[in-house]
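*Asks:* Attaching a predicted model along with its sequence, questions to come.
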Amino acid sequence: MTKILVTGATGNVGRQVVAQLLTEGMGARALLRGTGAAGLPAGVEVARGDLSEPGTLDAALAGIDRVFLIWPFLTTDGAPAVLKAIESHARHVVYLSSSGVREDAERQSDPINQLHADMERLIERSGLGRTILRSSTIASNALGWAGQIRSGEVVRGPDIAPAAVIHEGDVAAVAVRALADDGGQADARHVLTGPQILSRAEQVWAIGEAIGRPLRFDGIPAHAARRQMLADGRPPALVEALLASAETRTAANLISSAVEEVTGAPARTFRQWASDHAVDFR
């Protein structure tokens, strides 16, 4: 049986990748830093390791053919050593990148897209087969509004340009197809989007419709958003990267058919995502 290591296995996309691999009857191994299975599905194998400490990865990678890689840091420090460890065991990596990466740009527009561009280059220079998934804004980011929605009718945050928001389950479905495909997805790049370009106000409205009460979005200046995010306990470097991304992002006009082309099923709407996650906002 093909063995697949899933990093970020307790996150929104990684958890979906694990679940869908198990549904497909494929061998999934979840990389976890802490103890316990973190609520993962029954049947998943758990391995201990930490991407920030490449020396801890050898046991987790033993017998692994392919790796689903989410890079959780704001720089590529340590990434060459991690990729070397992967290359010593596996032959293919599926990397979750950003649709904001521009191949014709000497420098990317913000720190997050720059990180993904740098990671893509490192992966391309490795000896690994690779599939790059350049995802648009992932719908599960909206879960960050849950506290505000449970306590009121207004979501406050920095406004950003509209985007074709994609269901995390669809990102995972494409990843699973790439992980399951014996060579057919090598060196492939897919730009993944949802079927509609939506503003934050439209996303909040759709969540309100799903939970049966009116909601509205109130865009706030960057300095106010910075204070709030820091007060919420987010690391300062992450706050600055997120705000830089919000301030520099331009309106998206691309709607990709890649989800349907790879999986055979059309990308789900944000309204469907809101319905799937209504309980999280009540």
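*Replies:* That came through fine. Just so it is clear, the model here is predicted, and its values are computed rather than measured.
*Asks:* Excluding residues flanking it in the chain, which one is nearest residue 268?
*Replies:* residue 167 (4.3 Å; Cβ to Cβ, 6 or more residues apart in numbering). The way it works is simple: take the backbone N, C-alpha and C, and place the C-beta from them, glycine included.
*Asks:* what sits up against stretch 255-275?
*Replies:* 136, 139-140, 142, 164-167, 169-170, 173-174, 177-178, 190-198, 202-203, 206-207, 209-210 (Cβ atoms under 8 Å, 6 or more residues apart in numbering).
*Asks:* For stretch 241-252, give the mean pLDDT please.
*Replies:* Average pLDDT, stretch 241-252: 72.
*Asks:* longest helix anywhere in this protein?
*Replies:* helix 111-125 (DSSP state H).
*Asks:* Just list what the next helix or strand after that helix packs against, helices and strands only.
*Replies:* Sequence-wise, the next helix or strand downstream of helix 111-125 (DSSP states H and E) is strand 129-135. Where contact means 3 or more Cβ pairs under 8 Å, 6 or more residues apart in numbering; DSSP states H and E, strand 129-135 is packed against strand 92-98, helix 111-125, helix 168-180, strand 188-192.
*Asks:* Direction included, what does strand 129-135 pair up with?
*Replies:* strand 92-98 (parallel), strand 188-192 (parallel) (DSSP bridges).
*Asks:* Distance from the longest one to the middle of the chain?
*Replies:* When C-alpha coordinates are averaged (Cα atoms, centre = their mean, to the nearest Å), strand 92-98 and its chain have centres 10 Å apart.
*Asks:* got the buried residues for stretch 38-48?
*Replies:* 40, 44, 46-47 (16 or more other Cβ atoms under 10 Å).
*Asks:* by contact count, what packs against the lowest-mean-pLDDT helix or strand in the chain?
*Replies:* For the chain, counting by mean pLDDT, DSSP states H and E, helix 236-248 ranks last in confidence among helices and strands (a mean of 76). Contacts defined by 3+ Cβ pairs under 8 Å, 6+ apart place helix 236-248 against helix 111-125, helix 222-231.
*Asks:* Name the stretch among the ones you listed that sits most buried.
*Replies:* Counting by mean count of other Cβ atoms under 10 Å, helix 111-125 has the highest mean neighbour count of these, with a mean of 18.
*Asks:* List the contacts of that helix.
*Replies:* With Cβ under 8 Å, 6+ apart, helix 111-125 has contacts from 71, 73-76, 79-80, 83, 93, 95, 97-98, 100-102, 105, 107-108, 130, 132, 134, 240-242, 244-245.
*Asks:* How is residue 218 assigned, secondary-structure-wise?
*Replies:* strand (DSSP: H, G, I helix; E, B strand; the rest coil).
*Asks:* Flag every buried residue along stretch 213-220.
*Replies:* For stretch 213-220, burial by neighbour count (16+ other Cβ under 10 Å) applies to 215, 217, 219.
*Asks:* Verify the stated contact: the first one with residue 149.
*Replies:* Yes - checked against Cβ atoms under 8 Å, the pair residue 215 and residue 149 is within contact range at 6.3 Å.
*Asks:* Chain neighbours aside, what residue packs nearest to the residue most central in space within the chain?
*Replies:* Centroid-nearest residue in the chain: residue 13, 5.4 Å away (criterion: Cα atoms, centre = their mean). Excluding its sequence neighbours, the residue lying closest to residue 13 (Cβ to Cβ, 6+ apart) is residue 168, at 4.9 Å.
*Asks:* now that neighbour: how far from residue 133?
*Replies:* Between residue 168 and residue 133 the distance is 12 Å, computed by Cβ to Cβ, to the nearest Å.
*Asks:* next SSE after the one helix or strand residue 5 maps to?
*Replies:* Assessed by DSSP H and E, residue 5 sits inside strand 3-6. Using DSSP H and E, the helix or strand that directly follows strand 3-6 along the chain is helix 12-23.
*Asks:* any idea of the mean pLDDT for that following helix?
*Replies:* Helix 12-23 comes out at a mean pLDDT of 95.
*Asks:* Having no further points to raise, I will conclude here.
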